[in-house]
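In: Structure for this input, please:
(one chain, ligands or ions: 1)
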Amino acid sequence: MARVYNFSAGPAVLPEEVLKEAADEMMDYKGTGMSVMEMSHRSKAFDNIIKEAEQDIRDLMNIPDNYKVLFLQGGASQQFSAVPMNLMKNKKAAYIVTGQWAKKAYQEAQRYGDAVAVASSADKTFSYIPDCSDLDIPEDADYVYICENNTIYGTKFKTLPNTKGKTLVADVSSCFLSEPVDVEKYGVIYGGVQKNIGPAGVVIAIIREDLITDDVLEGTPTMLKWKTQADADSLYNTPPCYGIYICGKVFKWIKKMGGLEAMKAHNEKKAKILYDFLDESKLFKGTVTPEDRSLMNVPFVTGDADLDVKFVAEAKAAGFENLKGHRTVGGMRASIYNAMPIEGVEKLVEFMKKFEAENA
Ligand SMILES: *Cc1c(COP(=O)(O)O)cnc(C)c1O
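Out: Just a heads-up that it's a prediction; the model follows:
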């Protein structure tokens, strides 16, 4: 068995321990004589899986009792519609546009009401987070929306925006469970799990109860109304059972690793190794304003597109996979999520040093 160092932005690396456990349980999950893939979502065994998963993420994130945890489908992208459908009572919302995912959410919201871009970093190709301490937020805005970690551009909000009392909605797809979070600062926290938690097909949404109502935009599909899912404990219809089971295992792995404080320390250590090298390298350069750098996604370039291509190819041959930057920005990007071991980043930097010496 040859495992590579997988720097994919998502679907992405998962803890080896989790994969092995899932493999062990593939044919016979805890004496049921079947795989979790084969069992009823209404069975006792699955009921335990989803309830334990919910409890474990509640423990990890310290989620207050007045927040629901929903396991949904449709990807983070489907929440780009669900958020305005469920929250736009005044048909007005403020969006902070810090990258492609924020922009997509902003554009989708325009279909349902008046979505206003109150800040943007498009002027410098989304390489920084704008100052959000005193934005012009409309008096009647139903919420303020951010993409907290920008997967493609590699920036992260280090301080949350001053929403002037409005509900904060955050897409945390690429920083989910990477560090401690103060849930009470948000109305809605949601993300696709395929970046930092589990397999594609599951979205986790953590929503303050007062925001879950029947008062949704006219025409909202039953499945996109949060209340439908909340009332049914995420079992209104068949949920992505196997994906939820893997997420549950990852929650237990994070708990065993010491929780979100420990994850943060682990992630800071890894990111520092890579950023320190980028800062001293004569060939490679990080593309993000240092104070806004993501711990999870690290974009970099050599400044020469042909050399970038050569680097990605040679890295792949050496066992470092998926280092090509997003198709819209080029260059390279190393996604170093929770499950990426420190050794993976150390070896990558070693390889980059060697490449630099050979291509000086
Ligand atoms: C990947 C990603 C998305 C899109 O997720 P899907 O599950 O493919 O819809 C949205 N937001 C962020 C921040 C992402 O990283």
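In: surely Gly74 meets Gly201?
Out: No - counting by C-beta atoms under 8 Å, Gly74 sits too far from Gly201 to count as a contact (9.2 Å). Bear in mind the C-beta positions are built from the backbone N, C-alpha and C, glycine included.
In: what residues does this protein put near the ligand?
Out: Gly10, Gly75, Ala76, Ser77, Trp101, Cys147, Thr151, Asp171, Ser173, Ser174, Gly192, Lys195 (C-beta under 6 Å from any ligand atom).
In: Neighbour-wise, give me the winner out of those.
Out: The most neighbours of any of those, using other C-beta atoms under 10 Å, belong to Cys147, which has 32 neighbours.
In: Look up the closest residue to that one, ignoring the ones flanking it.
Out: Distances taken as C-beta to C-beta, 6 or more residues apart in numbering put Ala102 closest to Cys147, at 3.9 Å, once the chain neighbours are dropped.
In: Could you list every helix and strand in contact with the helix or strand that that neighbour is a member of?
Out: Assessed by DSSP states H and E, Ala102 sits inside helix 100-109. On a contact count with 3 or more C-beta pairs under 8 Å, 6 or more residues apart in numbering; DSSP states H and E, helix 100-109 meets helix 75-87, strand 92-97, strand 114-120, strand 143-147, strand 167-171.
In: tell me the domain ranges of this protein?
Out: The record's domain parsing of the chain by automatic domain parsing lists 29-256, 258-359.
In: want to throw these into TSV with mean pLDDT?
Out: As requested, the domains of the chain are exported to TSV (pLDDT from 0 to 100):
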stretch	mean pLDDT
domain 29-256	98
domain 258-359	97
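In: Nearest to Leu14, out of those domains?
Out: With C-beta to C-beta as the measure, domain 258-359 is the member of those nearest Leu14 (5.3 Å).
In: For the ligand, what is the nearest residue in the stretch 51-200 of the chain?
Out: Gly75 (2.7 Å; C-beta to the nearest ligand atom).
In: which residues does that residue contact?
Out: Counting by C-beta atoms under 8 Å, 6 or more residues apart in numbering, Gly75 makes contact with Gly192, Ala200, Val203.
In: Let's see that with 6 Å instead.
Out: Gly192 (C-beta atoms under 6 Å, 6 or more residues apart in numbering).
In: Next secondary structure after the longest helix along the chain?
Out: Criterion DSSP state H: the longest helix present in the chain is helix 259-280. Note on helix 259-280: by DSSP H and E, the next helix or strand toward the C-terminus is strand 285-286.
In: Neighbouring strands - and their directions - for that next one?
Out: Sheet pairing of strand 285-286 (DSSP bridges) gives strand 297-301 (antiparallel).
In: mind listing what's buried in the helix or strand that comes right after the partner strand?
Out: As assigned by DSSP H and E, the chain's next helix or strand after strand 297-301 is helix 305-317. Of the residues in helix 305-317, Asp308, Phe311, Val312, Ala315 count as buried by neighbour count, 16 or more other C-beta atoms under 10 Å.
In: For the closest residue to the second one other than its chain neighbours, identify the helix or strand it belongs to.
Out: This means Phe311. In space, and not counting its chain neighbours, Phe311 is closest to Phe355: 5.9 Å by C-beta to C-beta, 6+ apart. For Phe355, the host element (DSSP H and E) is helix 342-358.
In: Any idea which residue of the stretch 201-350 of the chain lies closest to the ligand?
Out: Closest point on the stretch 201-350 of the chain to the ligand, by C-beta to the nearest ligand atom, is Val203, at 6.7 Å.
In: that older thread, include distance to Gly259 when you put the helices and strands packed on helix 100-109 into a markdown table, please.
Out: Shown next, in a markdown table, are those (distance: least, C-beta to C-beta, whole Å):
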| stretch | distance to Gly259 |
| --- | --- |
| helix 75-87 | 24 |
| strand 92-97 | 29 |
| strand 114-120 | 33 |
| strand 143-147 | 24 |
| strand 167-171 | 20 |
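In: okay, these, which one's buried deepest?
Out: strand 143-147 (a mean of 28; mean count of other C-beta atoms under 10 Å).
In: and it, what does it pack onto?
Out: Applying 3 or more C-beta pairs under 6 Å, 6 or more residues apart in numbering; DSSP states H and E, one finds that strand 143-147 contacts strand 92-97, strand 167-171.
In: one step back: tabulate the domains of the chain (TSV), appending distance to Lys20.
Out: Output for these, formatted as TSV (distance: least, C-beta to C-beta, whole Å):
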stretch	distance to Lys20
domain 29-256	10
domain 258-359	13
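In: Need the winner for burial among those.
Out: For the domains of the chain, the highest mean count by mean count of other C-beta under 10 Å goes to domain 29-256, at a mean of 19.
In: Centre of the chain to that domain, how far?
Out: 9 Å (C-alpha atoms, centre = their mean, to the nearest Å).
In: ok so, going back, just the closest of the buried residues of helix 305-317 to Trp226, please.
Out: Scanning those for proximity to Trp226, where the rule is C-beta to C-beta, the winner is Val312, at 40.7 Å.
In: contacting residues around the closest one?
Out: Val312 neighbours (C-beta under 6 Å, 6+ apart): Leu323, Lys324.
In: same check, this time on Leu60
Out: Ile254, Leu260.
In: follow-up on the earlier one: nearest to Val288 among the helices and strands packed on strand 143-147 would be which one?
Out: Nearest of the helices and strands packed on strand 143-147 (C-beta to C-beta): strand 92-97, 16.3 Å.
In: Show me what that closest one pairs with in its sheet, parallel or antiparallel.
Out: strand 114-120 (parallel), strand 143-147 (parallel).
In: What lies in contact with it?
Out: 103, 106, 109, 114-120, 137-138, 140-146.
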